[in-house]
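Chemist: whatever this is, show me its structure:
(2 chains)
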Amino acid sequence: MTSPGAVIETEGLAKHFRRTFRRQVVRAVDGISLTVEPGAAFGLLGPNGSGKTTFVKLLLGVIRPTAGQARLFGRSCQEPEARRRIGYLPENHRFPTYNTGRQMLEFYAALSGVASEERKRRAGELLERVGLDGWGDVRIGKYSKGMLQRLGLAQALMHRPSLLILDEPSDGVDPVGRRLIREILEGLRQEGTTIFLNSHLLAEVELFCEQVVIIRRGEVALTGRVRELTAGSGYRLTAVDVTESALSEIRGKAASVSSQDGMLHLDFPDREAANLAIDVLRREGVRVEELRAQRSTLEEVFVRVVQEARKQ
Amino acid sequence: MIFSSPILALVGDTFRESLSRKIFWGFLGCSTVLILLFLLVLNIDLVEGGVAAVEVFGMEVNQGRTVPVEKLVGVVLGAVAVFFFTAGLFLAIFAAAGLIPTVFEPGRIELLLSKPVSRPTLLLGKFLGTLAVIGVNLFYLVFGVWIILGFKTEIWKTDFLLAAALAMFAFAVLLPVIVFVAVVSDSAVLATMVTYFVALMSLIFSQHERIAPYFDSQWPRDLTKGLYHVFPKLYEIGNTARLVLMERELASWMPLWSSGIFAVVVLGAGVWFFQRKDY
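Modeler: Numbers count the residues shown, from 1 in each chain, chains lettered A, B, ... in the order given. Okay, here's the model as predicted:
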């Protein structure tokens, strides 16, 4: 089954490694089917050793699948041409230290087929964009980890890719640099670039991505829109000076009641119960401070998924 | 730097990498010392087409005898050619073995493979880059010695350039071995060891006719003869260079084309393995 226009599409993608001198087979990726639409900001999550990096390597044709298919822009990912519109920032990269920042950018851009004049122009432009203007002619060996990450991002952008695959882009970057990277990615998303983000920083993924997939033991444990995955069931109502009679009337409908700093917090399992409580409180002249839908953080969702899978 | 294609980009990158390595500068230093030796230490007095006196470090070495200048130039250039085929080849393998496997380092190979360049192109680019680095060094030495000797003797022996090209060919025949072992093992040390081993075995097998009588049975004789035909023929390539310098006719081109086939097959095997390897 192919989805026309999909940027990334995998179908039963699997990679099994056979351990040398043993008969044991490691199922690093085990039948992942996934579709990423153009312009999406897609997060790839999973605990260590879950198969995220192997999955990314399969997409890039760095390793060959044991079974299944992976397509980029409708082409098999084993074809070099499928990678023409991809920008990639690997985790634990080792950029050749004998290059200056500018030479490194121009080298990788040349491999992506960028013309000479455009390479020069684009290198200067991107060095400035990632906050490395003035560092372009300095050897990479002198760069800090955070600077290397920013240079790596510039490298991934040299040929104006339609799909950006980023493996831990904020790794080792200070908060200011992290914000800069986020702003750049936000700008690219607005321009329509598809972003596939593999990160351990769940708050960052939650802030940036619309969709995520959580991988565990090489399989998809959960996938969906961040908004839907983090949507909780129920509402929290906060009020002050709640009278005894109002409280006794609504206590039975609330899932839990707690007080803090003179405020009363009431958790209701559904919208009807919350509305009924508001009616009672308003009739009694109680001031309602806040009513909000309960949400989980992505981290809570992630931990829950991983723990559930462990129990199985 | 301006590159018009991925191959040129890889060649340029290999040059930059070589410039950052001490072995490259050591190679260049050895060549410079040899050139300076010819320039400053060797004094030749020419009298009517002959050499009246040859002085090395101010000491006369021809002891008053007049030597035909052509012969002297042939001897000197022959000695330099021997240097190419021994120390030069040894150093070139050592330098090249460090350049090829760096491509396969984790964290570097993934990024290279993520580019829209086929794996054979990547390997070929690195192969040509390494060949070019060694070629530039050889060119520097060959041209330096040739020009200095040419000015000092007024003899411009172009056969020497052909002999140098044969030395380069000998290296080009061994480089695929480095590439193949580096692809399979990711190890510069193993690539160096195996290449030296192939070079050594090639020299041993070249003497298969001489060593045959020492075997008790026929099968070792057949084996060494068979391996002689499979392995590159470094000894014969060196001998061809000698014959070229002595302006003698070649008995056979077989050592050249069979060594060429060896190089193509081993490089092809390296490409085949590289295309199927997971990183």
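
Chemist: give me the pLDDT for residue 37.
Modeler: By default, I'm working from chain A. Per-residue pLDDT puts A:Glu37 at 94.

Chemist: sorry, I should have been clearer: chain B.
Modeler: pLDDT, B:Leu37: 84.

Chemist: just give me the neighbour total for it.
Modeler: B:Leu37: 14 surrounding residues under other Cβ atoms under 10 Å in any protein chain shown. Quick note: C-beta positions are derived from backbone N, CA and C, even for glycine.

Chemist: quick check: it vs B:Leu223, distance?
Modeler: 44 Å (Cβ to Cβ, to the nearest Å).

Chemist: tell me the phi and psi of the residue of the stretch 101-250 of chain A found nearest chain B?
Modeler: For the stretch 101-250 of chain A and chain B, the shortest gap (Cβ to the nearest Cβ) falls at A:Ala110, measuring 3.6 Å. Backbone geometry at A:Ala110, expressed as degrees, to the nearest 10, gives phi -60, psi -40.

Chemist: does it really touch A:Arg119, like I thought?
Modeler: Yes: between A:Ala110 and A:Arg119 there is a contact under Cβ atoms under 8 Å: 6.4 Å.

Chemist: which one's more surrounded, these two?
Modeler: A:Ala110 (28 against 24).

Chemist: give me the distance between that one and B:Thr130.
Modeler: Taking Cβ to Cβ, one finds A:Ala110 at 18 Å from B:Thr130.

Chemist: also A:Leu197?
Modeler: From A:Leu197 to B:Thr130 the distance is 37 Å (Cβ to Cβ).

Chemist: and for A:Val226?
Modeler: 49 Å.

Chemist: of these two, who's got more company?
Modeler: B:Thr130 (28 against 19).

Chemist: so that one sits right up against B:Ala96, yeah?
Modeler: Yes: judged on Cβ under 8 Å, B:Thr130 makes contact with B:Ala96 at a distance of 4.9 Å.

Chemist: tell me, what residue is most central in the chain?
Modeler: Answering for chain A, as no chain was given. A:Gly43 (2.7 Å; Cα atoms, centre = their mean).

Chemist: my bad, chain B
Modeler: Nearest to chain B centroid, counting by Cα atoms, centre = their mean: B:Phe171, 3.3 Å.

Chemist: for it, which non-adjacent residue is spatially closest?
Modeler: Distance criterion Cβ to Cβ, 6 or more residues apart in numbering or on different chains; nearest residue to B:Phe171, sequence neighbours excluded, is B:Ala92 at 4.9 Å.

Chemist: relative to chain A, how far out is the one you found?
Modeler: 20 Å (Cβ to the nearest Cβ, to the nearest Å).

Chemist: I'd assumed B:Ile134 was in contact with that residue.
Modeler: Yes: contact criterion Cβ under 8 Å: B:Ala92 and B:Ile134 qualify, at 4.8 Å.

Chemist: residues near residue 232, how many?
Modeler: No chain was given, so I picked chain A. 13.

Chemist: switch to chain B, please.
Modeler: Neighbours of B:Pro232 using other Cβ under 10 Å come to 28.

Chemist: and the helix ranked longest in chain A, C-alpha only, in CSV?
Modeler: Ranked by residue count and defined by DSSP state H, the top helix of chain A is helix A:175-190. Coordinates of each C-alpha in helix A:175-190 appear next as CSV, following Å, rounded to 0.1, in the frame of the first residue of the first chain:
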residue,chain,number,x,y,z
PRO,A,175,19.8,26.6,26.3
VAL,A,176,20.5,29.7,24.1
GLY,A,177,21.7,27.4,21.3
ARG,A,178,18.8,25.1,21.8
ARG,A,179,16.4,28.0,21.4
LEU,A,180,18.2,29.1,18.3
ILE,A,181,17.9,25.6,16.8
ARG,A,182,14.2,25.5,17.7
GLU,A,183,13.6,28.8,16.0
ILE,A,184,15.4,27.6,12.9
LEU,A,185,13.3,24.4,12.8
GLU,A,186,10.2,26.4,13.4
GLY,A,187,11.0,28.6,10.5
LEU,A,188,11.7,25.6,8.3
ARG,A,189,8.4,24.0,9.3
GLN,A,190,6.6,27.2,8.3
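
Chemist: elements contacting the helix or strand following it?
Modeler: Where DSSP states H and E defines the elements, the next helix or strand beyond helix A:175-190 is strand A:194-198. For strand A:194-198, the helices and strands in contact under the criterion 3 or more Cβ pairs under 8 Å, 6 or more residues apart in numbering or on different chains; DSSP states H and E are strand A:41-45, helix A:52-60, strand A:163-167, helix A:175-190, helix A:202-208.

Chemist: what's downstream of the last one, the next helix or strand?
Modeler: Elements were assigned by DSSP H and E; along the chain past helix A:202-208, the next helix or strand is strand A:211-216.

Chemist: check the second one too.
Modeler: Sequence-wise, the next helix or strand downstream of helix A:52-60 (DSSP H and E) is strand A:67-72.

Chemist: does that following strand reach chain B?
Modeler: No: Strand A:67-72 does not reach chain B (Cβ under 8 Å from any Cβ of the partner chain); its nearest approach is 10.6 Å.

Chemist: quick one: the longest helix of chain A to chain centroid distance?
Modeler: Relative to its chain's centre, helix A:175-190 lies at 13 Å (Cα atoms, centre = their mean, to the nearest Å).

Chemist: close to chain A: what parts of chain B are there?
Modeler: Residues of chain B lying close to chain A by Cβ under 8 Å from any Cβ are B:1-6, B:8-10, B:12-13, B:16-17, B:19-20, B:102, B:105-118, B:276, B:278-279.

Chemist: so which of these belong to helices?
Modeler: The helices, defined by DSSP H, take in B:6, B:8-10, B:12-13, B:16-17, B:19, B:109-113, B:276 from the residues of chain B next to chain A.

Chemist: list the contacts of whichever residue of the stretch 51-200 of chain B sits closest to chain A.
Modeler: Going by Cβ to the nearest Cβ, chain A is nearest to B:Gly107 of the stretch 51-200 of chain B, at 3.5 Å. Counting by Cβ atoms under 8 Å, 6 or more residues apart in numbering or on different chains, B:Gly107 touches A:Pro90, A:Asn92, A:His93, A:Arg94.

Chemist: any idea how far the nearest residue to B:Gln207 once chain neighbours are set aside lies from chain A?
Modeler: The shortest distance from B:Gln207 to any non-neighbouring residue, by Cβ to Cβ, 6+ apart, is to B:Tyr235 (7.8 Å). Going from B:Tyr235 to chain A by Cβ to the nearest Cβ gives 37 Å.

Chemist: tell me the buried residues in the strand or helix carrying B:Tyr235?
Modeler: Assigned by DSSP H and E, B:Tyr235 belongs to helix B:234-245. By 16 or more other Cβ atoms under 10 Å in any protein chain shown, the buried positions in helix B:234-245 come out as B:Leu234, B:Tyr235, B:Glu236, B:Ile237, B:Gly238, B:Asn239, B:Thr240, B:Ala241, B:Leu243, B:Val244, B:Leu245.
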